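> got a predicted structure here, sequence first:
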Amino acid sequence: MDIISSWHLTGWEFAALAAAALLVGFSKTAVSGANTVSLAIFAAVLPARASTGVLLPILIAGDVLAVLTYRRHAHWPTLLRLFPAVAAGVVAGTVFLVWADDEVVRVSIGATLLLMTAVTLWRRRVAGQEDDPDAVTTRAGRVKARSYGVLGGFTTMVANAGGPVMSMYLLSAGFRKLGFLGTSAFFFLIVNVAKVPFSAGLGLIDGHSLLLDAALVLFVVPGAFIGKWAVNRINQRLFEQLVIAATVLGALQLLLR
């Protein structure tokens, strides 16, 4: 295949990328944060910076399928509260990418994800109950939203690793399964589409990368259908455990690869 040869990929490497694309679809409709595994596969097979540009359109395809599936469950007050802070994070991430060292970025993001996971688990253990997603008027709630928003925008721009950040925020805010998926679906569709001009400006997305995307995007669709089938068979507690486990796994991959 011309696309495979133009990227100097072996058959096994293309198969790994296809499996990662399928996992993107699954993560968008079932276990958000699981696509950090896809991030690691893309970065292992392709050059690090190029992998970011190739993965972004794949993620957008998954976001579209997730929005079509869970559009009625989005919590718009949360989205509107997050977007200004996320925009600031995306701009900061773009500036950082101009001179960033890949290893420093990976270690910083991985350590931050582990820290946020620990904080989320500790808060739940101490409080003994979930927060209310509508309880947004307190100063602490606003500070938390802004902090997660900036970090989410920064990590999604630098390494397409915003999923675990937002997963931890939505879990800490007490979202139930469908509300979690619907809110994150719209969040990432809007944010990822907004990242395209920045990524193109940095040379991360071009005609060469889009040709590979055209071959891989077909695998996102079956992954999304598998996720939709699976999520109806996962109870709330298991769903939260899977999201946290995926976040920890993604953080460790960023730290260790």
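Yep, that arrived.
> C-alpha only now, for contacts and for neighbours.
Fine.
> please enumerate the helices of the stretch 51-200 of the chain.
Ranges of helices in the stretch 51-200 of the chain, per DSSP state H, counting those that start in this stretch, are 76-99, 102-127, 139-159, 162-172, 177-201.
> and those, which is most packed in?
helix 162-172 (a mean of 24; mean count of other C-alpha atoms under 10 Å).
> run the chain-centre distance for that one.
9 Å (C-alpha atoms, centre = their mean, to the nearest Å).
> ok, stretch 178-190 next?
11 Å.
> ok, now stretch 93-110?
16 Å.
> export only the CA atoms of it, formatted as CSV.
Extracted C-alpha coordinates of stretch 93-110, given in CSV (Å, rounded to 0.1, in the frame of the first residue of the first chain):
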residue,chain,number,x,y,z
GLY,A,93,0.5,24.4,25.0
THR,A,94,1.0,25.8,21.5
VAL,A,95,3.7,28.2,22.8
PHE,A,96,5.3,25.4,24.8
LEU,A,97,5.4,23.1,21.7
VAL,A,98,7.6,25.6,19.8
TRP,A,99,10.6,24.7,22.1
ALA,A,100,9.4,21.9,24.4
ASP,A,101,11.5,18.8,25.0
ASP,A,102,9.4,15.7,24.4
GLU,A,103,10.8,13.8,27.5
VAL,A,104,10.1,16.7,29.9
VAL,A,105,6.6,17.1,28.5
ARG,A,106,5.8,13.4,28.9
VAL,A,107,7.2,13.2,32.4
SER,A,108,5.4,16.3,33.6
ILE,A,109,2.0,15.2,32.2
GLY,A,110,2.3,11.7,33.5
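> what's next to that stretch, contact-wise?
48, 153-155, 157-159, 161, 198, 202, 250-255 (C-alpha atoms under 8 Å, 6 or more residues apart in numbering).
> out of the helices of the stretch 51-200 of the chain, which comes closest to residue 64?
helix 177-201 (6.6 Å; C-alpha to C-alpha).
> give me the mean pLDDT for the helix or strand encompassing residue 5.
According to DSSP states H and E, residue 5 maps onto helix 2-6. Averaging pLDDT along helix 2-6 yields 76.
> do the same with stretch 31-40
75.
> let's see the distance spanning that stretch from one end to the other.
17 Å (C-alpha to C-alpha, to the nearest Å).
> residue contacts, residue 38?
So residue 38 contacts 17, 20-21, 23-24 (C-alpha under 8 Å, 6+ apart).
> can you rerun that using 7 Å?
Neighbouring residues of residue 38 by C-alpha atoms under 7 Å, 6 or more residues apart in numbering: 20-21, 23-24.
> tell me the buried residues in the helix or strand containing it?
Following DSSP H and E, one finds residue 38 within helix 35-45. By neighbour count on 16 or more other C-alpha atoms under 10 Å, the buried set for helix 35-45 is 35-43, 45.
> and the contacts of residue 38, which is closest to residue 64?
For the contacts of residue 38, the nearest to residue 64 is residue 24 (11.7 Å; C-alpha to C-alpha).
> name the helix or strand of the chain that has the lowest mean pLDDT.
Lowest by mean pLDDT, DSSP states H and E among the helices and strands of the chain is helix 102-127, with a mean of 69.
> which positions within stretch 11-21 qualify as buried?
Buried residues in stretch 11-21 (16+ other C-alpha under 10 Å): 13-14, 16-21.
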